[in-house]
Each structure stands twice: as C-alpha cells, then as structure tokens.
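*Asks:* Here you go, sequence then predicted model.
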Amino acid sequence: MRTIWNMNSLPSSRLSSDLSVGLAKLQRTVVSCQLCPRLVRWREGIARERVKRFADQQYWGKPLPSFGDPHARLLLVGLAPAAHGGNRTGRMFTGDSSGIWLYRALYKAGFANQRESLHLKDGLQLSDCYVTAALRCAPPKNSPTPKELSNCRQYLLREISLLENVRVIVGLGRIGFEAALSAYSELQRIKYKVKPKFAHCASYEFGDLAFIASFHPSQQNTFTGKLTEPMFDKVFRKAKRLLNHQELK
Ligand code: SF4
C-alpha cells in the first residue's frame, strides 16, 4: 500500500527529514545513471580529455544532482549541464558563464547568499530557490535527443513530487520551460488546452502555480545581446513579486 504524506499533517522536523531523505535518495540514483549511452560516452570523454585551461582539474564527469533549498517556493528548470561547467564542477550552473549570469541574478533578487558559483566548496547557498534541469548529463553541442530527454524526465517528475512548496517555476530556455510545463501537466498539477507560448518574461498562472519563461543565460544569448542583465533581472523580480505579494490564488 502506498503511503501518502500530507504536508500539513506532519511535524516540521519529520517533514524536513523525510524530504531530505527523499531528495538524497533521488540524487544518488541520478548520479549513478547510465541510461543514455551517447551521453555517458560524451560526459566521460570530456572528463578524461579536459580543456587546456582546466587541465589540472579533476572533472566530475557524471550526471548532475539538482541543487538548492528543499523547501523552496521558486524552482528553476534549465536545459542541461555544460561540458566544462557543471560536468567539470559537479554542481548545476557552476564554473561557466551561464552560472555567472544565473547566480548574480539570484543574488540580486535575494535567493542566493553570493554571486559566485565557482566550485562545490565556494560557500554558495540558495534560499527559497531550487535549481534543476531537463537533462542531467552534458549533451554534445547542447543538443539532447528526444529519447535522452524522455529518459531523464523521470528525475524531474520525482523532484517535483518531492518539492511540494514550489509555487513559481522559471523555465530557462524553451526546453527548460516546456519540460517544466509538461512535467507538472503529467503530474496533473496543471491543465491547459493551448500550450503556453515561450516568450521572455511571459508568465502563466494555474491556480496556486505560476510559470515564467526566460531566455537561457547561455553565451549564445548573452554575448549577442539577446538576453541582457536587466532583462534577466526582471524575470527574478517578477518571481519575487509573485511569491511576496501572494498574487497566486
Ligand atoms: S541524461 Fe539523464 S537519463 Fe540520460 S544518462 Fe544522464 S542522468 Fe541518465
């Protein structure tokens, strides 16, 4: 028989402990996953070969666990780790240009204790915010196949089921946004007849949940000016406003 825990019926210490145990168990499963042969070869090959500027570093070279505050109300869903970013450092959006943009914006909005995201022991902590991705392994050319996204989807679904406090979801890039929408839809947390359109800073509310779309802070977008710092900051100000002012029903 399946036991269903009700958030309101458990003492907070018990709840916190169950949540932490559930997430830790999930993270262990993710980190040892080998379901996508092409991605396993790619992530491990990158970790062996490295690049000149990181030649003296030991790469992580495994799937990335998600990261953040287990009681978060804000959930970020990105695409996938970068070959020499997360695949090197072992933490989402850490050690690459996207991470500089992301954690700077989160710091400014009050969701992170510092701007820097350099390595696993840099002291970064998130508050009321949790970071995950549609895919946990770095894909060649940042292009996962539909099968790889489908393989990895189970982890996002399980995370969403565990992170019951989440009220605002920011999808980073079209893939992150659509992965978040379809995961919540599959879990029957939201329903829509017409799929919400991806446009920077567009938001959609479904009862007690809101989704915000954002351009991904990849170099492709930030170097070309498609995404600017004020544009990115606006996304998190909007998220904060939705959470603080309880505009959600
Ligand atoms: S992408 Fe996801 S499903 Fe595929 S090997 Fe990595 S962790 Fe496993």
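*Replies:* Received it, and whenever you're ready, just let me know what you need.

*Asks:* Give the buried residues for stretch 158-175.
*Replies:* Using 16 or more other Cβ atoms under 10 Å as the test for burial, stretch 158-175 gives 158-160, 162-163, 166-173, 175. In short, each C-beta sits where N, CA and C put it, glycine included.

*Asks:* just stretch 83-103 next, same as before
*Replies:* 83-96, 98-103.

*Asks:* So which residues on this structure come close to the ligand?
*Replies:* Proximity of the chain to the ligand, by Cβ under 6 Å from any ligand atom, involves residues 30, 33-36, 39-40, 63, 135-137, 148, 151-152.

*Asks:* Please, where are all the helices along this protein?
*Replies:* 12-31, 37-49, 86-89, 97-108, 146-162, 173-186, 219-222, 229-244 (DSSP state H).

*Asks:* got the buried residues of stretch 158-175 as CSV, with distance to L124 and pLDDT columns?
*Replies:* Formatted as CSV, the buried residues of stretch 158-175 follow (distance: Cβ to Cβ, whole Å; pLDDT from 0 to 100):
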residue, distance to L124, pLDDT
R158, 24, 97
E159, 19, 98
I160, 23, 98
L162, 21, 97
L163, 19, 97
V166, 20, 98
R167, 23, 97
V168, 21, 98
I169, 21, 98
V170, 18, 98
G171, 22, 98
L172, 17, 98
G173, 22, 98
I175, 24, 97
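
*Asks:* biggest separation within those residues, which pair?
*Replies:* L162 and G173 (23.3 Å; Cβ to Cβ).

*Asks:* now stretch 110-126: how far from the chain's centre is it?
*Replies:* 15 Å (Cα atoms, centre = their mean, to the nearest Å).

*Asks:* Run through who's touching it.
*Replies:* 67-69, 72, 74, 89-91, 93-95, 99-100, 102-104, 106-107, 127-129, 236, 240 (Cβ atoms under 8 Å, 6 or more residues apart in numbering).

*Asks:* Just give me the residue right at the centre of the chain.
*Replies:* By Cα atoms, centre = their mean, the chain has its centre lying nearest to T132, at 2.1 Å.

*Asks:* Spatially nearest residue to that residue (excluding sequence neighbours)?
*Replies:* S66 (3.8 Å; Cβ to Cβ, 6 or more residues apart in numbering).

*Asks:* State the distance from the one you found to G78.
*Replies:* Distance, S66 to G78, by Cβ to Cβ, to the nearest Å: 10 Å.

*Asks:* Name the residue in the two with the higher neighbour count.
*Replies:* Set side by side, S66 and G78 show more neighbours around G78, with 29 against 24, by other Cβ atoms under 10 Å.

*Asks:* Verify the contact between that one and G176 for me.
*Replies:* Yes. Using Cβ atoms under 8 Å, G78 is in contact with G176, at 5.0 Å.

*Asks:* shared neighbours of the two, which are they?
*Replies:* 133-134, 216.

*Asks:* Which member of these is positioned nearest G22?
*Replies:* A133 (18.7 Å).

*Asks:* contacting residues for the closest one?
*Replies:* Counting by Cβ under 8 Å, 6+ apart, A133 has contacts 64, 66, 77-81, 92, 176.

*Asks:* count of neighbours near T228?
*Replies:* 12.

*Asks:* packing partners for the helix or strand of the chain with the lowest mean pLDDT?
*Replies:* Of all helical and strand segments in the chain, the minimum by mean pLDDT, DSSP states H and E falls on helix 12-31, at a mean of 83. Other elements packing on helix 12-31 under the criterion 3 or more Cβ pairs under 8 Å, 6 or more residues apart in numbering; DSSP states H and E are helix 146-162.
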